[in-house]
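Asker: what would the 3D arrangement of this be:
(one chain, ligands or ions: 3)
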Amino acid sequence: MSESPSQSQPKSLPPQLPAPSFVGTDHPVTEKSDVIIVGLCDDAPLSESAAAIDGLLGGVITNLLEQGKVSTDLGESMLIPGPGISGDGATLVLLLGLGTKKKLDREAAFSQTSTAIRLLVSKPHRKIVIALGELLQSSDHDAIVAGALFALEGQSIYRTKSPINVPETVCVAGANPTAIDRGVILGESINVARRLVNEPASVVYPASFADRASDIAKEVGLGCEVWDEKRLAEENCRAILAVGSGSEKPPRLVILRHNGGRPGEAPIAIVGKGVTFDSGGLSIKPSDGMVDMKCDMSGAATVIGCMRAIAKLGVKKNVIGFCGLAENMISGSSYKLGDVIQTRSGKTIEILNTDAEGRVVLSDTLNVAIGHNPSSMVDLATLTGACMVALGNDVAGLMTNDQATCDTVSSAAAIEGEPVWQLPMFKLYDEKIKSKVADIKNIGEGRWGGAITAAKFLENFVGDVPWVHIDIAGPAFADSPKPHRDAGATGVMVRTLVRWIENQAESTA
Ligand code: BES
Ligand code: MN
Ligand code: ZN
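Answerer: Ligands and ions are numbered 1, 2, ... in the order given. Predicted structure coming up:
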């Protein structure tokens, strides 16, 4: 071969992630700006900023509300000329319906801010003032900042003219510098994960993903180790190598380390499925099922986003992230149906469907992770279509070998407003993955309970470590946009995992 396939691909990455500067302000209404965002609730008088603007505009907001021409309902909005047209303040005012004030939680702070910013950025605005904080708890002000950044990242990264006009400055009323810093870290880290997923598989493949991970590690001060195919062979990671064997692009394993805790303290492990493209292999997917399979490394991308945030936040806990990276392709060297692989753990697995490759990659990745003696472990994977059948597009499935640990993940998810739902792990499911020729097989009996049989397979590789498996096949990648986000990568579970890890740092402090 005269040229490696990667050389025929564009080396340059899409433009940098959006980076407006975020500042606080105590005078949102008199701040000279292009537009100010104010919220309207149905169970509360006008907020301080809305009332001040109403005064400056001679009661326009009150009149519009009285005449029913503007609504306080969640999801409603109206853009009106602001006091800044002729004097001080903002040129435009975005009136944002927020529904019931009592129900405004952290998730609302994040997604309503993102909704508002997405409404605005189809037009150029140099400076946007967000005056939603007065309707929210100050502990949720970081979520406003994160939501604003979230709005500025989408899937149209290869449009020659971006449909998103990134403002130069975003002014967040009432937010203190700590909240702003934290929100920027969270928002950027979610967007890092989303960008990795939205880029095509010809750009993001195991080696380039690993390069990106190591760049990020350097930037934020994480330890980083990359195992190439030679090291993977030395480490007996035969399962990862098998999945990658059909591809021109060899597999990788990335280990990121954050030493924020006591030296010697057992780390928390987070593990991600990083199948950079899932063609199904010889059990090939139909075109419709393959079209979005660049998203099959979303678990690994979440690990990167989460580790980045943990490092930048300086969380006082030891955390190790693992990304198992392989491309599932078809060629003369693909792994085959009927193959038996001895995994790194020593357990043998029979391959009866090469499209059930995520669990195969994770078998070795989880085994490497438990070698670091973690106190607990979470894995994230776009693992099964069956989980989407069970829970739909928006909800992640949780499966566990330790209920108490699973409950801590559920409560972190509840605080961040990322929907999760637990599926059972009864012993009876173990029967379904018994193999006639090897210790276990990589599919269940028929398609029933497919999310659970996949988790049961993984359970074989986690030893005694308290472990939670999160199947993000549904929420990781969206077919269609919503008011608060573009279609494509969602960055799901970055917020939840950061919160989960921070909670553990607090409880041991
Ligand atoms: N990556 C897919 C699961 C998936 C499907 C993720 C749709 C996101 C959206 C996974 O590798 C897969 O192909 N799973 C198979 C398993 C089956 C062969 C047992 C599936 O779900 O059909
Ligand atoms: Mn597959
Ligand atoms: Zn897959």
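
Asker: and residue 463, what does it touch?
Answerer: The contact partners of residue 463, by C-beta atoms under 8 Å, 6 or more residues apart in numbering, come to residue 370. All C-beta atoms are positioned from the backbone trio N, CA, C, and that covers glycine.

Asker: how many other residues sit next to the residue of the stretch 351-500 of the chain found nearest ligand 3?
Answerer: Ligand 3 sits closest to residue 358 of the stretch 351-500 of the chain, with a gap of 4.4 Å, by C-beta to the ion. Neighbours of residue 358 under the rule other C-beta atoms under 10 Å: 29.

Asker: any idea how far it lies from residue 330?
Answerer: Here the distance between residue 358 and residue 330 works out to 17 Å (C-beta to C-beta, to the nearest Å).

Asker: look at the closest residue to ligand 1 within the stretch 351-500 of the chain and report its pLDDT.
Answerer: The stretch 351-500 of the chain approaches ligand 1 most closely through residue 385 (3.3 Å), counting by C-beta to the nearest ligand atom. Per-residue pLDDT puts residue 385 at 98.

Asker: how about the residues of the stretch 251-400 of the chain by ligand 1?
Answerer: Contacts of the stretch 251-400 of the chain with ligand 1, taken as C-beta under 6 Å from any ligand atom, map to 278, 296, 353, 355, 356, 357, 358, 382, 383, 384, 385, 386.

Asker: ok, now with 5 Å
Answerer: For the stretch 251-400 of the chain, the residues in contact with ligand 1 (C-beta under 5 Å from any ligand atom) are 278, 296, 353, 355, 356, 358, 382, 384, 385.

Asker: and ligand 2, which of those residues reach it?
Answerer: Contacts with ligand 2 are made by 278, 355 out of these, judged by C-beta under 5 Å from the ion.

Asker: show me just the buried residues among the residues of the stretch 251-400 of the chain next to ligand 1.
Answerer: Buried residues within these, counting neighbours by 16 or more other C-beta atoms under 10 Å: 278, 296, 355, 356, 358, 382, 384.

Asker: just the ones in strands from those residues, please.
Answerer: When DSSP state E defines the strands, the subset of these inside them is residue 278.

Asker: let me have the buried ones among the residues of the stretch 251-400 of the chain next to ligand 1 in JSON lines, extended by distance to residue 191.
Answerer: Output for these, formatted as JSON lines (distance: C-beta to C-beta, whole Å):
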{"residue": "278", "distance to residue 191": "23"}
{"residue": "296", "distance to residue 191": "20"}
{"residue": "355", "distance to residue 191": "30"}
{"residue": "356", "distance to residue 191": "31"}
{"residue": "358", "distance to residue 191": "24"}
{"residue": "382", "distance to residue 191": "19"}
{"residue": "384", "distance to residue 191": "27"}
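
Asker: now the stretch 151-300 of the chain against ligand 3: closest residue?
Answerer: Proximity of the stretch 151-300 of the chain to ligand 3 (C-beta to the ion) peaks at residue 278, 3.7 Å away.

Asker: hang on, that residue packs against residue 289?
Answerer: No - with contact defined as C-beta atoms under 8 Å, residue 278 does not count as touching residue 289 (9.1 Å).

Asker: who's in contact with residue 302?
Answerer: 193, 272, 380, 472, 476, 491, 492, 493, 494, 497.
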